[in-house]
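**Q** Below are the sequence and a predicted model for it; my questions follow.
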Amino acid sequence: MFSRDNWKEIFETIQKNKLRTFLSGFTVALGILIFVILFGFGNGLINTFNEFFADDATNVFYVFRGRTTMPYKGYKSNRQIEFDNSDLADIEKNFALFLDYTTPRISRQDTVKYKEESNSYTTQAVASSHQYAEKTIMMKGRFLNKNDIADKTKYAVIGRLVERDLFGAKNSIGKYIDIRGSAFKVVGVFQDDGGDNEERIIYMPYTTRQLIEKNTDEIDQIIVGFKPEIGYAGAMAFERSLNSFIREKKFINPKDQNGIFIRNVADQLKQNQQFARVLQIIVGFVAFGTIIAGIIGISNIMVFVVKERTKELGIRKALGATPKAVIGTILLESVFITTISGFIGMLIGIAVLSSFGEKLKDFFITNPYIDLTMAVIATIVLIIFGAVAGYVPARRAASIKPIVALRDD
Amino acid sequence: MIEIKDLHKSYKMGSNSLHVLKGINFSVKEGELVAIMGSSGSGKSTLLNILGMLDEANSGEYTLDGVPIKDLNETKAAKYRNKFLGFVFQSFNLINYKNAMENVALPLYYQKMGRKERQEKALKYLGQVGLKEWATHLPNELSGGQKQRVAIARAMAAEPKVLLADEPTGALDSTTSYEVMDLIQKINDQGNTILVVTHEEDIAHMCKRIVHLKDGIIVKDEKVKQVRASEYV
């Protein structure tokens, strides 16, 4: 069945029936092309999605403070909860097993000046480990370090857009900027994937901020980074015990919804991942539909091809072609065409996808791609079903009596 | 060569059945050139189709070159057709996307003959019908007479025991018809057994024997003095 002679016969038939070859080849190529592009777009959507949420570290709790709404242990309700440096130390001492790092965060809105340029920015007074929580990427210089915290240095790390606003094209490292009347030396410039606002922030040591604010030890917010190894369940357990630990220390009713609040990024991440998974299922569904449509398309073409060739097959049978030879001719031809055009469609699809890259970012599609294995499997599935779809009419054609086929003008 | 006993064939047309062949007894010896004559509906084409294993009889015996032809499945029929029979049709039935040589070589392909050998043989038979220089032409570039000659070359290429021609001159004008008959006579002169179905008297008289068919039975079976087609060409 696979001798060189048979192939030659098939090549000749293909060469001399260009329209037929084109039709069936085109159907398959188009089916695979659409499948690859759709699937790639789906992956592009998921990429965009991941990018939105991958900006911040996921093994982080943000602890916020508020006002109580319930009286507890002799304390009245509507009491403002305060955090101070001792809370940081207590958390570090009690949860050393889970902890990766902690950092306070004191946010202020300040007027910042450099020479004639002046603007209002968010300043965040933090510890050196804050860099991990925000995944801050340094472009120039360095982030704040432990010595800066201990020495209460007047150093600032500014965002990329802060530098552009105040310094234009000039280098800001080593220059002094005026933050609410105090001179800070710029030691680093950072960038952040989280958008423009995230790059209009100025970081300073929290100890320096506390010194400026009348040597207080108050902090706004506590950020707790935990070890990723503890996993999702560990993170949830840690969150619960951290919550009750702080409530106990601050005398907050365990049932009070306010007082303190912990934002658990791990929990959010889980939800986001579920959403992404649903997205993937929808995309898979659409792609599956495309393949089905492709199979139906190739089946139709095969029925047409066999119908068109009925007379020719009748002649061949009169000349001594066995039913097996007839089926073989049709199937081999169709499998050959679908294989070639299927892989052409696949390659074109992959080329188109990779040419998009970031161009469709406005439509929430980033770097669309398709797994090569996935594309190859889809192509092979289409080829197999094309052969199966071709087999049924081929077998019927082979069993038609030649006299009937010859009469068919 | 051909032995037929009490052959019956009927076609079902809805609830009616049309009895086409009503007991045919008939034999052909090697080297004969037999015309089967009859008006349309007499069953002559049906008889030829049964002889050619393109169709099956309802009852009766059929022996071809000593081989009883019965209980044919398609595979077996295809093999017998390939081995024993060559066909010439009224409408030529050439494959339109294959050139003359490829058409002639096609039965040899199904005999699993090698490509080179096939082409050589096809060219040889094309030469015998006088179309060697047309070998690379497609059927639609040939005249009707040329097409029929290619079809005859194709039928002969497989070197069959019997050549079956169904109205071989039916689609041709008389001059071309005589050319084709001349060719058939020459092939017969080489000792080949040929059956020709026709309804034209002059064509029938170019054979050596005429079998008259009417309403599904043989009414007359006579040997005739052959008229050579070359006299008219």
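**A** Alright, I've got the coordinates.

**Q** Show me which residues of chain A sit near chain B.
**A** Neighbours of chain B within chain A, by CB under 8 Å from any CB of the partner chain: A:5, A:8-9, A:12-13, A:16-17, A:311-312, A:314-325, A:398-399, A:401-403, A:406, A:409. Backbone N, C-alpha and C define where each C-beta goes, glycine included.

**Q** next one: the helix or strand harbouring residue A:122 to chain centre, how far?
**A** For residue A:122, the host element (DSSP states H and E) is strand A:117-126. Remark: strand A:117-126 is offset 31 Å from the chain centroid, using CA atoms, centre = their mean, to the nearest Å.

**Q** Listing partners with orientation, what would you give for that strand?
**A** According to DSSP bridges, strand A:117-126 forms sheet pairs with strand A:99-114 (antiparallel), strand A:201-205 (parallel).

**Q** how about the ones you listed in a markdown table, adding mean pLDDT?
**A** Shown next, in a markdown table, are those (pLDDT from 0 to 100):
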| stretch | mean pLDDT |
| --- | --- |
| strand A:99-114 | 90 |
| strand A:201-205 | 93 |
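
**Q** Let me have those in JSON lines, extended by mean neighbour count.
**A** Formatted as JSON lines, the strands paired with strand A:117-126 follow (neighbours: other CB atoms under 10 Å in any protein chain shown):
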{"stretch": "strand A:99-114", "mean neighbour count": "18"}
{"stretch": "strand A:201-205", "mean neighbour count": "25"}
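
**Q** Out of the ones you listed, flag the one nearest residue A:262.
**A** Evaluated with CB to CB, these place strand A:99-114 nearest to residue A:262, the distance being 13.1 Å.

**Q** Please, which helix or strand holds the closest residue to residue B:19 other than its chain neighbours?
**A** What sits nearest to residue B:19 in space, not counting adjacent residues and going by CB to CB, 6 or more residues apart in numbering or on different chains, is residue B:10, at 4.4 Å. Using DSSP H and E, residue B:10 sits within strand B:2-13.

**Q** Tell me which strands that strand pairs with, and in which orientation.
**A** Per DSSP bridges, strand B:2-13 is paired in its sheet with strand B:16-28 (antiparallel), strand B:59-64 (antiparallel).

**Q** isn't residue A:396 right up against residue A:309?
**A** No: counting by CB atoms under 8 Å, residue A:396 stays clear of residue A:309, with 12.0 Å between them.

**Q** out of those two, which sits in the more crowded spot?
**A** Remark: of residue A:396 and residue A:309, residue A:309 carries more neighbours, 24 against 13, as counted by other CB atoms under 10 Å in any protein chain shown.

**Q** ok, the more buried one - contacts?
**A** Applying CB atoms under 8 Å, 6 or more residues apart in numbering or on different chains, we find residue A:309 in contact with A:330, A:397.

**Q** do residue B:136 as well
**A** B:99, B:100, B:101.

**Q** Which one (most neighbours) among the residues you listed?
**A** That'd be residue B:100 among the contacts of residue B:136, by other CB under 10 Å, with 30 neighbours.

**Q** Residue 200: neighbour count?
**A** Going with chain A. Neighbours of residue A:200 using other CB under 10 Å come to 19.

**Q** not what I meant, chain B
**A** Considering only other CB under 10 Å, residue B:200 is surrounded by 16 other residues.

**Q** Look up the closest residue to it, ignoring the ones flanking it.
**A** Among residues not flanking residue B:200 along the chain, residue B:169 sits closest, at 6.9 Å (CB to CB, 6+ apart).

**Q** beta partners of residue A:60?
**A** Using DSSP bridges, the bridge partners assigned to residue A:60 are residue A:225.

**Q** wait, isn't it in contact with residue A:222?
**A** No: taking contacts as CB under 8 Å, residue A:60 lies outside contact range of residue A:222: 10.9 Å.

**Q** so what's residue B:115 up against?
**A** A:5, A:8.

**Q** That one and residue B:195: what is the separation?
**A** 32 Å (CB to CB, to the nearest Å).

**Q** Would you map the strands across the chain?
**A** Unless you meant another one, I'm taking chain A. Per DSSP state E, chain A carries strands over the ranges A:60-65, A:83-84, A:99-114, A:117-126, A:137-141, A:155-159, A:176-179, A:182-191, A:201-205, A:218-219, A:221-226, A:260-264.

**Q** actually it's chain B I care about, not the one you picked
**A** For chain B, the strands defined by DSSP E occupy B:2-13, B:16-28, B:33-37, B:59-64, B:67-68, B:85-88, B:162-166, B:193-198, B:209-214, B:217-223.

**Q** check contacts around the residue of the stretch 51-200 of chain A found nearest chain B.
**A** Across the stretch 51-200 of chain A, no residue is closer to chain B than residue A:51, which sits at 55.1 Å (CB to the nearest CB). For residue A:51, the contacting residues are A:193, A:366, by CB under 8 Å, 6+ apart.

**Q** Can you give me the pLDDT of it?
**A** The per-residue pLDDT reported for residue A:51 equals 72.

**Q** re earlier: same list (the strands paired with strand A:117-126) but as CSV, adding distance to residue A:24.
**A** Converted to CSV, the strands paired with strand A:117-126 look like this (distance: least, CB to CB, whole Å):
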stretch, distance to residue A:24
strand A:99-114, 60
strand A:201-205, 60
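
**Q** how much space between the residue in chain B positioned nearest to chain A and residue B:92?
**A** Residue of chain B nearest chain A, by CB to the nearest CB: residue B:82 (2.4 Å). From residue B:82 over to residue B:92 the distance is 19 Å, taken as CB to CB.

**Q** do residue B:198 as well
**A** 16 Å.

**Q** These two: which has the busier surroundings?
**A** Here residue B:198 and residue B:92 are compared on neighbour count by other CB under 10 Å; more neighbours surround residue B:198, at 26 against 23.

**Q** and the more buried one, what are its bridge partners?
**A** In beta-bridge terms (that is, DSSP bridges), residue B:198 pairs with residue B:37.

**Q** That one reaches residue B:180, doesn't it?
**A** No: Residue B:198 lies out of contact with residue B:180 (CB under 8 Å); the separation is 11.2 Å.

**Q** what sits in contact with each of these two?
**A** B:168, B:169.

**Q** Model confidence for residue A:221, exactly?
**A** For residue A:221, the predicted pLDDT is 91.

**Q** That one against residue A:61, yeah?
**A** No: between residue A:221 and residue A:61 there is no contact under CB under 8 Å: 10.6 Å.

**Q** which of these two has more neighbours?
**A** residue A:61 (23 against 17).

**Q** so what's that one scoring on pLDDT?
**A** Value listed for residue A:61 in the pLDDT field: 87.

**Q** how much space between it and residue A:229?
**A** Counting by CB to CB, the gap from residue A:61 to residue A:229 is 16 Å.

**Q** In TSV, list the strands paired with strand B:2-13 along with mean neighbour count and mean pLDDT.
**A** Shown next, in TSV, are the strands paired with strand B:2-13 (neighbours: other CB atoms under 10 Å in any protein chain shown; pLDDT from 0 to 100):
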stretch	mean neighbour count	mean pLDDT
strand B:16-28	16	89
strand B:59-64	17	90
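
**Q** And for residue 61, nearest residue in space, chain neighbours not counted?
**A** Because you didn't say which chain, this covers chain A. That would be residue A:224: by CB to CB, 6+ apart, it lies 4.5 Å from residue A:61.

**Q** Chain B, not that one
**A** Excluding the flanking residues, the one nearest residue B:61 by CB to CB, 6+ apart is residue B:5, at 4.3 Å.

**Q** If anything else comes up later, I'll come back, but that's it for now.
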